[in-house]
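[1] predicted structure and sequence below. I'll ask about it afterward.
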Amino acid sequence: MSPRLRIWLAALVLALPPLAIASTWLSLAPQLPEVIATHWSGADVADGFSATIPTATWLLVATSAMLVVALVLAAVTIDGRLRAMLLSCLAAVSGMLAGAFIASVGATLQAGSAEDAVLGAWLLVLLAPLALLLVPWFVHPREEDVWAGPAERMPLLLSDATEWRGELGSAVFAWLGVGVLVLGAVIALVAPETGAVALRVLLGVVMAAAGLVLLAMARIRVTIDGDALRVRGALLPVPLRTIATDRIRAVDAAVIEPMHWGGWGYRGLPGQVAIVLRSGPGIVVTTRDGSRFAVTVDGAEEGAAVLAGIVERSRQPRP
């Protein structure tokens with residue numbers, strides 16, 4: 001089976017939940033009451049109820065939308081591991097929605113009314129679709145079969161320099177950071193007036209922390225010397241990544257495409273980590289254990305040349 005066919009099959013797994021919802025709805029429509037049980041605090045009698053048709057419609061639309069997203073993911077060129085992970089997560093969520101509908105309908109019909117519905121063994125029906133999490137991951141071809149090709153490498157000549165520093169900023173991350181900080185402050189300030197002090201202060205603190213992280217990413221500084229490659233925030237001096245020189249096996253300068261590395265920002269996937277602020281030149285490092293790290297930075301060719309020279313000299317026997 002070709003890798004491309006396996007990608008489409010992994011995406012089409014997302015068709016199972018909407019089909020399950022539609023077939024359950026259509027086959028049991030004559031027996032369904034106007035209201036079904038949709039929430040249990042335990043495995044006993046239901047304590048939450050919803051109108052049948054709107055609930056079924058919403059769940060069908062939601063799972064169908066996830067199918068569309070899965071088909072788009074199959075069609076575009078992105079990192080294979082990222083695609084497999086996204087398809088698996090979508091499958092688990094979509095499957096849970098389908099399982100929730102089937103369990104709600106089954107428990108309601110079994111009891112004769114929504115008010116008397118007991119979850120009981122229907123809990124297994126609710127949780128079983130979580131197994132869909134595994135299907136796209138195993139159906140999707142391995143990374144070496146679907147990788148769209150290495151990033152476009154740039155000519156790299158070893159440098160005799162022993163130190164280098166470069167920076168790169170992103171206005172988008174800066175504005176997002178400021179916006180999230182302001183929103184967090186507003187939420188925390190209005191908390192005493194609403195009475196929900198603890199919850200709103202906690203939310204404000206979380207948003208403030210997220211804003212600071214975004215500001216740390218708004219401008220980064222990459223430094224290279226004989227000891228390590230270091231990436232830190234330039235606006236906020238937060239260490240983001242450090243790789244010791246003796247751990248580095250290979251160095252490249254390459255054109256970084258965000259979607260090949262998981263998107264923009266600080267991205268982590270199995271076997272690779274990237275700090276990506278824009279599409280363009282970056283330094284790509286392969287460590288001795290085979291993992292990769294990429295960072296976009298101005299003057300990436302020069303920085304990579306310096307780091308490659310340091311690594312090469314560290315391997316030469318000392319007199």
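    Alright, I've got the coordinates. Here the structure is a predicted model, which means the values were calculated and not measured. Numbering: from 1, shown residues only.

[2] from here on, contacts and neighbour counts on C-alpha atoms
    Noted.

[3] can you pull out the strands in the stretch 201-319 of the chain?
    With DSSP state E, counting those that start in this stretch as the definition, the stretch 201-319 of the chain shows strands at residue ranges 219-224, 228-233, 239-244, 248-256, 265-269, 272-276, 280-287, 292-296.

[4] so which of the ones you listed is nearest Gly80?
    With distances scored as C-alpha to C-alpha, the stretch of the strands of the stretch 201-319 of the chain nearest to Gly80 is strand 265-269 (10.3 Å).

[5] the closest one - contacts with which helices or strands?
    Helices and strands in packing contact with strand 265-269 are listed as strand 272-276; criterion 3 or more C-alpha pairs under 8 Å, 6 or more residues apart in numbering; DSSP states H and E.

[6] ok, Leu277 touching Gly265?
    Yes: taking contacts as C-alpha atoms under 8 Å, Leu277 lies within contact range of Gly265: 5.9 Å.

[7] what is in contact with the two at once?
    Both Leu277 and Gly265 are contacted by Met217, under the criterion C-alpha atoms under 8 Å, 6 or more residues apart in numbering.

[8] settle it for me: which of those two has more neighbours?
    More neighbours surround Leu277 than the other of Leu277 and Gly265, with 25 against 19 (other C-alpha atoms under 10 Å).

[9] for the stretch 51-200 of the chain, which spans come out with low pLDDT?
    Scanning the stretch 51-200 of the chain for pLDDT under 70 picks out 79, 142-159, 187-200.

[10] mind listing the strands for it?
    Chain-ordered strands for the stretch 51-200 of the chain, with DSSP E, counting those that start in this stretch as the definition, fall at 152-153, 164-169.

[11] redo those strands as TSV? Include mean neighbour count and distance to Ala20.
    Conversion of the strands of the stretch 51-200 of the chain to TSV gives the following (neighbours: other C-alpha atoms under 10 Å; distance: least, C-alpha to C-alpha, whole Å):
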stretch	mean neighbour count	distance to Ala20
strand 152-153	15	44
strand 164-169	18	48
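
[12] number of residues surrounding Val284?
    The burial count for Val284: 23, using other C-alpha under 10 Å.

[13] sorry, wrong one. I was asking about Thr108.
    Other residues within reach of Thr108 by the criterion other C-alpha under 10 Å amount to 24.

[14] next one: the one 4 residues further on
    Around Gly112 sit 14 other residues, with neighbours defined as other C-alpha under 10 Å.

[15] how close does it sit to Leu132?
    30 Å (C-alpha to C-alpha, to the nearest Å).
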